[in-house]
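[1] all I have is the shape, not the residue letters:
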């Protein structure tokens, strides 16, 4: 099982998480995810996830004009998004704890 | 290397094409701000979109999965055609990248892109020349004219130059039919330019000479004198080719009032002007300063006389045409011929 497979399930949560404290535009969000250690995440995946979260009403967008480069579309968490982040975060923690315990019991963890 | 708007537009177009099976609303939702997003991506680092994001189709597949859209199943004809076009496009991309380094650029496209302003200038010139041809009715020089006026033509050329450059700088932003119209008009201008070149080449003379006209060895001939093997001038000789057609050479410039062939000079036998024979008659007496043609020795003396040249003959070339090539003179002088 590679990271890509795992990422599929948690990319929503990861994107919501990096937007928790600071709004960001597409490429910026991708960079934050990679800096956080999710190096295998692809641009299309992040962009697709952003589009889906936006369509689901969890994100709002606004355009920031730029003098030097292209205008940037910023994404920010709205109330529904924060709510979703809280719920999904809780779910992930319990899931991760279960997985940790499972791996510990079997002695599989390094 | 900066990514152009055109490159982004093409990339987005191919992503959208790869998502063609999705419902239009879903597809629109997924890709509506993709151009803006790719512009951001392009601004962040160097390299072409293709190099950094992979093939648009792979990008589309990843986007589809991330957005939770249904995975495509069958492929319709449009998509199969698109796949072939894509494969060709991929091949061209490879060729493009291979050709670049020898030219000193990352890709051949990079090099060609530098030549675009030159094309804009050439395009303006060709358009001006096209107007020249239309307004002056086909005559074509090197400078444009408007209705024959050189000054108006130059003003027009400058106007076209400015318009062409303006259009060139905007062409990446043109959409759909405007873009096609631009390409179509470019094609027309290229065809016109090539036709103009071919025309100029022709008028420069590389193809215009008619080799027969230049090298015709019979052009200088004014009269034909036939001598038999004894050196006698043959009067009223007629010449025919292998098909029995009369051979006409020269022109009768010593017109005779009593000439029986006056009505139809083409029926006149040779020589037209026996008095101007280059060799004097051998046997007859009379001091003549003209040189004498010596008789021919050999078997050709067996000339078969044929009564071909009677003035009243109505030109029946049949029997005379079949003369034996071994015989140098098959025509006997007919006494009493006009001359």
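    Thanks, I have it. Keep in mind that what you see is a predicted model, and the values were worked out from it rather than measured.
[2] spatially central residue for chain A, please.
    residue A:15 (1.7 Å; Cα atoms, centre = their mean).
[3] and the gap between it and residue A:29?
    Relative to residue A:29, residue A:15 is positioned 6 Å away (Cβ to Cβ, to the nearest Å). Where C-beta positions appear, they are placed from N, C-alpha and C, glycine not excepted.
[4] can you check which residues contact both of these two?
    Shared contacts of residue A:15 and residue A:29 (Cβ atoms under 8 Å, 6 or more residues apart in numbering or on different chains): A:46, A:50.
[5] isn't the residue nearest to the centre of chain A up against residue A:33?
    Yes - Residue A:15 is within contact range of residue A:33, at 7.3 Å (criterion: Cβ atoms under 8 Å).
[6] shared neighbours of the two, anything?
    What both residue A:15 and residue A:33 touch, as defined by Cβ under 8 Å, 6+ apart, is the set residue A:46.
[7] the chain: helices as residue ranges?
    By default, I'm working from chain A. A:3-18, A:26-35, A:43-55, A:79-106 (DSSP state H).
[8] chain B is the one I meant
    B:5-18, B:24-31, B:34-44, B:49-53, B:56-66, B:77-103, B:108-114, B:116-136, B:150-170, B:176-203, B:211-215, B:317-321.
[9] lowest mean pLDDT across those helices, which one is that?
    Note on the helices of chain B: lowest mean pLDDT is at helix B:317-321, with a mean of 46.
[10] what's the closest of the helices of chain A to chain B?
    helix A:43-55 (3.0 Å; Cβ to the nearest Cβ).
[11] what's the mean pLDDT across the closest one?
    Mean predicted confidence for helix A:43-55 is 88.
[12] which other residues reach that helix?
    A:7, A:11-12, A:15-16, A:26-27, A:29-30, A:33, A:59-61, A:75, A:81, B:29-30, B:34, B:37, B:41, B:52-53, B:58-68.
[13] go with 6 Å
    If you take Cβ atoms under 6 Å, 6 or more residues apart in numbering or on different chains as the criterion, helix A:43-55 is touched by A:11, A:15, A:26, A:29-30, A:59, A:75, B:29-30, B:37, B:53, B:59, B:62-63, B:66-68.
[14] cool, and stretch B:247-255?
    Taking Cβ under 6 Å, 6+ apart as the rule, stretch B:247-255 contacts B:218, B:221-224, B:239, B:241, B:265, B:268, B:272-273.
[15] quick one: which of these is most hemmed in?
    residue B:272 (24 neighbours; other Cβ atoms under 10 Å in any protein chain shown).
[16] touching chain B at all, the helix or strand of chain A with the lowest mean pLDDT?
    Lowest by mean pLDDT, DSSP states H and E among the helices and strands of chain A is helix A:3-18, with a mean of 83. No - taking Cβ under 6 Å from any Cβ of the partner chain as the criterion, helix A:3-18 and chain B are apart, separated by no less than 6.6 Å.
[17] chain center to that helix: distance?
    Centroid separation between helix A:3-18 and its chain, computed with Cα atoms, centre = their mean, to the nearest Å, is 5 Å.
[18] what comes up buried for it?
    By 16 or more other Cβ atoms under 10 Å in any protein chain shown, the buried positions in helix A:3-18 come out as A:7, A:11-18.
[19] ok, stretch B:107-114 next?
    Buried residues in stretch B:107-114 (16+ other Cβ under 10 Å): B:107-111.
[20] ok, those vs residue B:187, which is closest?
    Checking those against residue B:187 by Cβ to Cβ gives residue B:109 as the nearest, at 19.7 Å.
[21] the closest residue to chain A within chain B: neighbour count?
    In chain B, no residue comes nearer to chain A than residue B:66, which is 3.0 Å away by Cβ to the nearest Cβ. If you count neighbours by other Cβ under 10 Å, residue B:66 ends up with 26.
[22] next one: residue A:45
    Neighbours of residue A:45 (other Cβ under 10 Å): 24.
[23] related to what we said a few turns ago, skipping its backbone neighbours, what lies nearest the residue of chain B closest to chain A in space?
    residue A:48 (3.0 Å; Cβ to Cβ, 6 or more residues apart in numbering or on different chains).
[24] just residue B:104 next, same as before
    In space, residue B:104 is closest to residue B:111, 7.6 Å off (Cβ to Cβ, 6+ apart).
[25] how near is that neighbour to residue B:88?
    Counting by Cβ to Cβ, the gap from residue B:111 to residue B:88 is 21 Å.
[26] show me what from chain A comes close to chain B.
    A:25-27, A:42-45, A:47-49, A:51-52, A:55, A:69-70, A:72-73.
[27] for PyMOL, write the select line for the buried members of those.
    Command for PyMOL that selects the buried part of these, burial taken from 16+ other Cβ under 10 Å:
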select buried, chain A and resi 25+26+27+42+43+44+45+47+48+49+51+52+70+72+73
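[28] below-threshold pLDDT in chain A: ranges please.
    A:1-3, A:106-110 (pLDDT under 70).
[29] hmm, 50 instead?
    Within chain A, the segments meeting pLDDT under 50 span A:109.
[30] how about residue B:109, what does it touch?
    Contacts of residue B:109 (Cβ under 6 Å, 6+ apart): residue B:96.
[31] let's go with 10 Å and repeat that
    When contacts are counted by Cβ atoms under 10 Å, 6 or more residues apart in numbering or on different chains, residue B:109 is found next to B:4, B:7, B:48, B:92-93, B:96-97, B:99-100.
[32] okay, now residue 65: neighbour count?
    In the absence of a named chain, chain A is used. Count around residue A:65 with other Cβ under 10 Å applied: 7.
[33] ah, no, chain B please
    Around residue B:65 there are 17 residues (other Cβ under 10 Å).
[34] ok now do it, which residues does it touch?
    Counting by Cβ under 10 Å, 6+ apart, the residues that residue B:65 touches are A:4, A:8, A:42, A:44-45, A:48-49, B:71.
[35] pick the one among these closest to residue B:14.
    residue A:44 (12.7 Å).
[36] which ones are touching the nearest residue to the closest one once chain neighbours are set aside?
    Nearest non-adjacent residue to residue A:44, counting by Cβ to Cβ, 6+ apart: residue B:62, 3.6 Å away. Residue B:62 makes contact with A:4, A:42-48, B:53-54, according to Cβ under 10 Å, 6+ apart.
[37] from those residues, pick the one nearest residue B:141.
    Closest to residue B:141, out of all of these and judged by Cβ to Cβ, is residue B:53, at 51.4 Å.
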